[in-house]
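Engineer: Model the following, please.
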Amino acid sequence: MSTHTQGQWRLDWNFIVAPDASGKNPDVYIATIADEDDEGRIVCEDEQIANGKLIAAAPDLLAALEQCLPLIDAYRRNSGGDGDLSAMNARAAIKKARCT
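Structural biologist: I've put the predicted structure just below:
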């Protein structure tokens with residue numbers, strides 16, 4: 001079982017939000033995308049939006065990768081080892097996302 005916030009994540013202004021599983025609130029705030037910084041350490045607005053969309057897609061990307069891994073493994077077994085790097089990269093990404 002995953003310990004990250006469940007549900008469809010989405011970018012809402014400069015927040016990553018998800019439905020509140022408890023039903024007490026419409027949404028819960030997961031993360032804030034940096035807005036501005038007087039010292040110029042924050043990326044431009046277009047890049048902030050792109051970063052926010054990528055973060056919001058993370059649970060869907062993880063689920064898709066977990067669904068693809070058995071197919072990668074089957075392909076690797078049937079092709080005499082081709083796909084080893086793909087399987088290894090997929091497992092490493094899943095491990096990183098799951099913090100295991």
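Engineer: Show the pLDDT at the spatially most distant residue from the centre of the chain.
Structural biologist: Using C-alpha atoms, centre = their mean, the residue of the chain lying farthest from its centre is G80. It sits 31.2 Å away. Confidence at G80, expressed as pLDDT, is 78.
Engineer: Can you tell me how far it is from L69?
Structural biologist: Remark: distance between G80 and L69 (C-beta to C-beta, to the nearest Å) = 19 Å. All C-beta atoms are positioned from the backbone trio N, CA, C, and that covers glycine.
Engineer: Repeat that for S79.
Structural biologist: For S79, the distance to L69 - C-beta to C-beta - is 16 Å.
Engineer: Of these two, which one has the most company?
Structural biologist: Set side by side, S79 and L69 show more neighbours around L69, with 16 against 10, by other C-beta atoms under 10 Å.
Engineer: The more buried one - that's part of a helix, no?
Structural biologist: Yes - assessed with DSSP: H, G, I helix; E, B strand; the rest coil, L69 lies in a helix.
Engineer: residue contacts, the most centrally placed residue in the chain?
Structural biologist: Nearest to the geometric centre of the chain sits A58, at 1.4 Å (C-alpha atoms, centre = their mean). By C-beta atoms under 8 Å, 6 or more residues apart in numbering, the contact list for A58 reads W9, A97.
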